[in-house]
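Q: I'd like to go over a predicted model; first the sequence, then the structure.
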Amino acid sequence: MNIFVINSGSSSLKYQLFRLPAEQPLCSGLVERIGLDNSVITHKVFPAVGEEQVVRRTLDLPDHRAGLREVLQLLTDAEIGILQDPNEVEAVGHRVVHGGESFAATTIITPEVKREIKRLFPLAPLHNPANYVGIEVAEQIFPQAQQVAVFDTAFHQTLPEYAYRYALPEELYREQGIRVYGFHGTSHKYVAAQAAAYLSNPQARLITVHLGNGCSMAAVRGGVSVDTSMGFGPLAGLVMGTRSGDIDPSVIFHLIGQLGYDAEQVSNLLNKRSGMLGLAGNSDMRDISRALEAGDERATLAYELYAYRIKKYIGAYAAVLNGLDAVVFTAGVGENDALVRRLVCQELDFLGIELDEAKNATRSPGIREINQKESRVKVLVIPTNEELEIARQCEELLSTKD
Ligand SMILES: Nc1ncnc2c1ncn2[C@@H]1O[C@H](COP(=O)(O)OP(=O)(O)O)[C@@H](O)[C@H]1O
Ligand SMILES: CC(=O)OP(=O)(O)O
Ligand SMILES: [Mg+2]
């Protein structure tokens, strides 16, 4: 079965085409700068024999629709195309960030499911609208395919009630669904399963640390999420590229009451102008890292604050789990930024976390163990693969459907 997976973000779109059950990737790609000048598509083809091919195109893509149409052109291109016809795609798996309380599992997309995804727009304003457009375009481009939604929130539906409820009047939960949902579930689930297999311990107590543009952590025991750092929307918890993470809500009252902000301006401030962008003037960790190396003080503080917040959650989740077998770093920053990992892990030897500096600084593909030999807790770097996890979940759903 050919499954095309779409992971659309606010200004970018990642995709991969897999053949299952072999889990063979046929091609993958990234469309960046959608809606800005000079959008870029990087498209990789993995032939059964021979070298991988990379095509890079710079063009103007006003929206996700235009981006996906260009991707379809590459998929069916006479020279490098993988498909003769779009109908060779039997299913399209969509990453949908917010599924609310309605979706605890992977779901076939129906008009009702689309209405629910739309209803949740205000709760994930950077994500659900882009996910929705991805679905609408895929329905046109691959009209014969089953459209399937895989929700970021689903993996965290196992949180105990005392972890997912806020100390607010009960009716706000019962009538309005105000509670912790948690996000990046597909990634936390994928790396937690990889870590448990690596440790040969299905019951492992794990802290998974997903550091991409959005950042979140999960406490996982026996493959089940028991707590997570994001909340009602993908804004709480860690410091992110442009999002503040945890702040005292009194700041919001001050912004509104004393500084004249309205709700939309507060949302814009906390979602789009805060985090590393607010602290260091840049949201991309590679740029901040270069600034830090050049001695920029704002970049230095931003790194310290970013790592300190992660460290506090490690302490909290070690307590939640009553012990710890491994800390797992993943996603763009978690997989690549050795300094972040070093700052997070320093002075955690009381918890049994002892990083090996040389292993931490060395790069290699696949799972890496970067702790000292005698460290009681393993520190692992595990590349995430949300697209593969989505494809697996689609196949599982579709093969048990009839
Ligand atoms: N080699 C690297 N060193 C440090 N940071 C990196 C590196 N490669 C990617 N990143 C960072 O990873 C982040 C993006 O991560 P990614 O998981 O792709 O995010 P998302 O899926 O949310 O777009 C960016 O901040 C980027 O700078
Ligand atoms: C939920 C979320 O924050 O996703 P991303 O990291 O892709 O922005
Ligand atoms: Mg991501």
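A: Nice, I can see it. Residues are numbered from 1 along each chain as shown. Ligands and ions are numbered 1, 2, ... in the order given.
Q: contacts only, for the closest residue to ligand 1 within the stretch 251-400 of the chain.
A: Per Cβ to the nearest ligand atom, G332 is where the stretch 251-400 of the chain lies closest to ligand 1, at 2.1 Å. All C-beta spots, glycine's among them, are computed from the backbone N, C-alpha and C. Applying Cβ atoms under 8 Å, 6 or more residues apart in numbering, we find G332 in contact with L211, G212, N213, M285.
Q: give me the phi and psi angles of it.
A: phi -40, psi -50 (degrees, to the nearest 10).
Q: and it, what's its pLDDT?
A: pLDDT recorded at G332 is 93.
Q: G352 versus that one, what's the distance?
A: 27 Å (Cβ to Cβ, to the nearest Å).
Q: what's the answer for A124, then?
A: From A124 over to G352 (counting by Cβ to Cβ), the distance is 36 Å.
Q: of the two, which one has the most company?
A: Between A124 and G352, A124 has the larger neighbour count (other Cβ atoms under 10 Å), namely 26 against 16.
Q: thought the more buried one was touching G231?
A: No: in this structure, A124 is not within contact of G231 by Cβ atoms under 8 Å, at 11.5 Å.
Q: tell me the contacts of I178?
A: Shown in contact with I178 (Cβ under 8 Å, 6+ apart): Y166, L168, L172, F232.
Q: so which of these are in helices?
A: The helices, defined by DSSP state H, take in L172 from these.
Q: got the contacts of I178 as CSV, with distance to E32, neighbour count and pLDDT columns?
A: Converted to CSV, those look like this (distance: Cβ to Cβ, whole Å; neighbours: other Cβ atoms under 10 Å; pLDDT from 0 to 100):
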residue, distance to E32, neighbour count, pLDDT
Y166, 36, 12, 98
L168, 39, 11, 98
L172, 39, 13, 97
F232, 29, 17, 96
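Q: same list, the contacts of I178, but as a markdown table with distance to E136 please.
A: Listed next are the contacts of I178 as a markdown table, based on distance: Cβ to Cβ, whole Å:
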| residue | distance to E136 |
| --- | --- |
| Y166 | 33 |
| L168 | 35 |
| L172 | 32 |
| F232 | 26 |
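Q: from the contacts of I178, pick the one nearest N128.
A: F232 (13.4 Å; Cβ to Cβ).
Q: how is this structure carved up into domains?
A: Domain segmentation of the chain under automatic domain parsing yields 2-151, 201-381.
Q: least reliable of these going by mean pLDDT?
A: domain 2-151 (a mean of 92).
Q: any idea how far apart the tips of it sit?
A: 20 Å (Cα to Cα, to the nearest Å).
Q: is ligand 2 contacted by it?
A: Yes: judged by Cβ under 6 Å from any ligand atom, domain 2-151 and ligand 2 are in contact via G9, V97, H127.
Q: near ligand 1 at all, the host helix or strand of Y306?
A: For Y306, the host element (DSSP states H and E) is helix 297-321. No: under the criterion of Cβ under 6 Å from any ligand atom, helix 297-321 makes no contact with ligand 1; the nearest approach is 10.5 Å.
Q: hang on, the earlier thing: looking at the domains of the chain, which is nearest to S399?
A: Nearest of the domains of the chain to S399, taken as Cβ to Cβ: domain 2-151 at 8.5 Å.
Q: what's the closest residue to N2 other than its chain neighbours sitting at in phi/psi?
A: Among residues not flanking N2 along the chain, V89 sits closest, at 5.1 Å (Cβ to Cβ, 6 or more residues apart in numbering). For V89, the backbone dihedrals are phi -90, psi 120 (criterion: degrees, to the nearest 10).
Q: wait, V89 touches I6, no?
A: No: using Cβ under 8 Å, V89 makes no contact with I6, being 11.0 Å away.
Q: give me the subset of the residues of domain 2-151 next to ligand 2 lying in helices.
A: Short answer: the residues of domain 2-151 next to ligand 2 have none in helices (DSSP H).
Q: which parts of this protein are strands?
A: 2-8, 13-19, 24-32, 39-45, 53-59, 91-96, 107-108, 146-151, 205-211, 215-221, 224-228, 326-330, 368-369, 378-381 (DSSP state E).
Q: just send these back as CSV, with mean neighbour count too.
A: Formatted as CSV, the strands of the chain follow (neighbours: other Cβ atoms under 10 Å):
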stretch, mean neighbour count
strand 2-8, 26
strand 13-19, 22
strand 24-32, 19
strand 39-45, 19
strand 53-59, 12
strand 91-96, 27
strand 107-108, 18
strand 146-151, 25
strand 205-211, 28
strand 215-221, 27
strand 224-228, 22
strand 326-330, 27
strand 368-369, 16
strand 378-381, 22
